[in-house]
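# Requesting a structural model of the entry that follows:
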Amino acid sequence: MSGAPLRADVVIVGGGPVGSLIAYQLARFGCKPYLIEQDDKKTMTCYGRASTMWPRTIEILDQLDLAERLLQIGVVTRNALHFRDGRRSTGGLMYGSRMDKLGCIFANASRRNTLKTVSPITVRIRDLNKDEPFEVKTKYLIGADGGKSAVRSLTGIPFNGERTMHRWIRMDARVKTNMPNPRCLNSIDSKFHGQILWCPIDDGLTRIGYVFSQALLEKLWNLLSLEFLEVNWFTIYVRYFSGSLLRCMNAINFQGIGQAIAETFTAHDRIFLAGDACHTHSSGSAQGLNTGVHDAVNLAWKLALNILDLGKKSLIDSYNEERKPCVQQVIDNDKVISTLISGQYPPRFEGRKEHPRDILTEWYTDVNIQLFTLGLGISYPTNLLNSASSDPSAATIVPGERGPDVYLVTIGMGDPIRLHQVLKNDAKFHIVVFAGNPSLSRSGLVALKMALEAPTAFTRAFPARRVFRFTTIAAAYGNSTTDVLGMPAFGGGRAYWDAEGCAHGIYGVDEARGAIIVFRPDGWVGCVVALEDVQDLASYFENLLVSEA
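Residues are numbered from 1 along each chain as shown. Modelled structure (predicted):
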């Protein structure tokens, strides 16, 4: 090994969607990531990749300016159909956006290397193109290298879980069928063999999934008049097989579906796990990629603020605290879902007389389960980052919850714009002033203006331009911000109209009082204060950000 080591802020092992997304964010936020991947992304097959993005995942990718590019190359279906006994039935998630080959958009971002050994500061890597070892000095190391993670193994983090005997087929095929809407997300009940999952993907192919059963495959052919024109990829969970589909069906020494979670997502204050490296489960509710994206987005901005000497250690400490409970819920849900899809009864439903397919429909029609599955109901616990409001009456939104999206109106042009389009993720906290109806909230607006202009303003304690972005939303309409508010938009930011009061209503802000809602860079609500109590944000940010003093 010769030459001085390379230097990077973060080394990311694994150039799949999760690792690439972390690298993209860190570069976007002004850090220096180094991404390594052992496979040649230009030549490796793109078959068998995750194919589902739920609404919340698309929202947070949109805040990173990625969603539109991905949707342009993906296959999108906005609803889902469920069939039983040859007829459409209730059940199935009614909103989905699906695409394949996610990793391809990041294909040129990674170096083709493989990890050899790890120490807290130095990463030793072998360049597979040159067959030469080299070193990278780094502040942090992230393992996004899949279920058999080398980073997790070398760090000694236990991977706890269990393996069921449920065995599922997954394939990407070009088919002819008499299904009413084959280019839609579908699920089909089989009375004796579990459920069939049907997902349109790119290039006119379809992802088909079903419980390992030769009898079911024959019934599937007959039920849908299904003709396979070509099969581009297939697997039985978890071990891959080569050869014909028939040999695959006859194989007996394969593993079932595994659900596992890392004992911790962080180690030694500088090593992190994300995606399949810290959690694995079935694809029953399409949570793998979505959960990995949530890991990546939760971690990257916290790490970036720390690297840039803007954020305190409490930020990166919150990664494990917030993400592990969410992943555990994914694992717990998956144990139920995968068992029901397989046509069996999970322990919590033992003794029920209904067919498992009826219980699965009941499960998916539960509002809380649907919201969590779609990502819209994912929330984080009260902590330094998600601070309990000093005035609970200021708004009904609760810190730690996802900030709901809502349409606003631009000043002058009067064009509609979504709130999430305004709240881009650039590793800055969004301080959103819900100004209320200025004719009613005038005293609070004046008090806020004076507080922000005072020498003791909380913004003066921090590098405001680098960590804060202000947005003003008024429940009114007019020619200009000054005409309506009687003053410019707060904090030098932009203003938008909410003349119908929709945004104020969704967030539970009284138009006569107004409120300030702090959004974390990733779009979750961090803190809520009354207009008159803006200085309460000083103590909130003191726990998270490095002061200029």
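
# any idea how far the closest residue to Ala304 other than its chain neighbours lies from Gly74?
Leaving aside its chain neighbours, Ala304 sits nearest to Phe29 (3.8 Å; criterion: CB to CB, 6 or more residues apart in numbering). The way it works is simple: take the backbone N, C-alpha and C, and place the C-beta from them, glycine included. Distance, Phe29 to Gly74, using CB to CB, to the nearest Å: 25 Å.

# out of the two, which sits in the more crowded spot?
Phe29 (21 against 18; other CB atoms under 10 Å).

# pLDDT score for the more buried one?
For Phe29, the model assigns a pLDDT of 97.

# so it touches Trp301, yeah?
Yes. Between Phe29 and Trp301 there is a contact under CB atoms under 8 Å: 6.6 Å.

# what touches both of these two?
Ala427 (CB atoms under 8 Å, 6 or more residues apart in numbering).

# In a strand, Glu209, correct?
Small correction: residue 209 is Gly, not Glu. Yes. Under DSSP: H, G, I helix; E, B strand; the rest coil, Gly209 sits within a strand.

# what's the pLDDT at it?
Residue-level pLDDT assigned to Gly209 equals 81.

# Check the burial of it by counting its neighbours.
Gly209: 20 neighbours (other CB under 10 Å).

# again, but for Met413
8.

# And the one 10 residues further on, by the same measure?
Applying other CB under 10 Å, we find 23 other residues in the vicinity of Leu423.

# and the closest residue to Ala8 other than its chain neighbours, what is it in contact with?
In space, and not counting its chain neighbours, Ala8 is closest to Tyr34: 3.7 Å by CB to CB, 6+ apart. Applying CB under 8 Å, 6+ apart, one finds that Tyr34 lies in contact with Leu6, Ala8, Val10, Val11, Ile12, Arg111, Val136, Thr138.

# hmm, which of these are the buried ones?
Among the contacts of Tyr34, those buried by neighbour count (16 or more other CB atoms under 10 Å) are Ala8, Val10, Val11, Ile12, Val136, Thr138.

# Which of the contacts of Tyr34 sits closest to Thr382?
Nearest to Thr382 among these: Val10, at 28.6 Å, using CB to CB.

# And the closest one, its phi and psi?
Main-chain dihedrals, Val10, degrees, to the nearest 10: phi -140, psi 130.

# Can you give me every residue that contacts the closest residue to Ser547 other than its chain neighbours?
Nearest residue to Ser547, sequence neighbours excluded (CB to CB, 6+ apart): Ala461, at 4.9 Å. Neighbouring residues of Ala461 by CB under 8 Å, 6+ apart: Ala538, Phe541, Glu542, Ser547, Glu548, Ala549.

# Burial check on the fourth one, number of neighbours?
In other words, Ser547. Using other CB under 10 Å: Ser547 sits among 12 other residues.

# Over to the fifth one?
As a burial measure, Glu548 scores 9 neighbours (other CB under 10 Å).

# One more: the second one?
Phe541 sits with 23 neighbouring residues when counted by other CB under 10 Å.

# what about the longest helix along the chain, distance to the chain center?
If you go by DSSP state H, the chain has its longest helix at helix 313-341. Chain-centre distance of helix 313-341: 12 Å, with CA atoms, centre = their mean, to the nearest Å.

# swap in stretch 175-193?
So, by CA atoms, centre = their mean, the centroid of stretch 175-193 is 28 Å from its chain's centroid.

# And the residue lying closest to Cys502 once chain neighbours are set aside, its phi and psi?
In space, and not counting its chain neighbours, Cys502 is closest to Val406: 5.5 Å by CB to CB, 6+ apart. Dihedral pair for Val406: phi -160, psi 150, per degrees, to the nearest 10.

# Do a quick rundown of the strands in the stretch 101-250 of the chain.
With strands called from DSSP state E, counting those that start in this stretch, the stretch 101-250 of the chain shows them at 111-118, 122-127, 132-143, 159-163, 168-176, 185-190, 194-200, 206-211, 227-236.

# same deal with the stretch 401-549 of the chain?
Under DSSP E, counting those that start in this stretch, the stretch 401-549 of the chain gives strands at 407-410, 416-418, 429-436, 468-474, 494-497, 515-519, 525-529.

# and the longest one, which strands flank it?
In other words, strand 429-436. Applying DSSP bridges, strand 429-436 is found paired with strand 468-474 (parallel), strand 515-519 (antiparallel).

# mind checking which of those is nearest Thr396?
strand 515-519 (10.0 Å).

# Got the domain ranges for the protein?
Domain ranges of the chain: 6-71+101-160+257-333, 392-542, per automatic domain parsing.

# Any chance of a markdown table for those domains, columns distance to Asp358?
What follows is the domains of the chain, written out as a markdown table (distance: least, CB to CB, whole Å):
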| stretch | distance to Asp358 |
| --- | --- |
| domain 6-71+101-160+257-333 | 17 |
| domain 392-542 | 31 |
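
# looking at these, which one has the lowest mean pLDDT?
Among the domains of the chain, domain 6-71+101-160+257-333 scores lowest, with a mean of 86.

# end to end, how far does that one reach?
Taking CA to CA, to the nearest Å as the measure, domain 6-71+101-160+257-333 stretches 43 Å from start to finish.

# what's the distance between that domain and the middle of its chain?
Worked out by CA atoms, centre = their mean, domain 6-71+101-160+257-333 lies 12 Å from the chain centre.

# what's the answer for stretch 451-465, then?
So, by CA atoms, centre = their mean, the centroid of stretch 451-465 is 33 Å from its chain's centroid.

# Next: stretch 370-381.
Distance, centroid of stretch 370-381 to centroid of chain: 10 Å (CA atoms, centre = their mean).

# Using neighbour counts, pick out the buried residues of that stretch.
For stretch 370-381, by 16+ other CB under 10 Å, it's Gln370, Leu371, Phe372, Thr373, Leu374, Gly375, Leu376, Ile378, Ser379, Tyr380.

# residues in contact with it?
54-57, 59, 93, 95, 285, 287, 290, 294, 321-322, 325-326, 329, 333, 364, 368, 386, 398, 400-402, 524.

# List only buried entries from the residues you listed.
For the contacts of stretch 370-381, buried by 16+ other CB under 10 Å: 54-57, 59, 93, 285, 287, 290, 294, 321-322, 326, 333, 364, 386, 400, 402, 524.

# buried ones in stretch 267-277?
In stretch 267-277, counting by 16+ other CB under 10 Å, buried: Ala267, Arg270, Ile271, Phe272, Leu273, Ala274, Gly275, Asp276, Ala277.

# Show me the helices in the stretch 401-549 of the chain, by range?
Along the stretch 401-549 of the chain, counting by DSSP state H, counting those that start in this stretch, helices occupy 419-422, 438-453, 464-467, 481-485, 502-506, 536-542.
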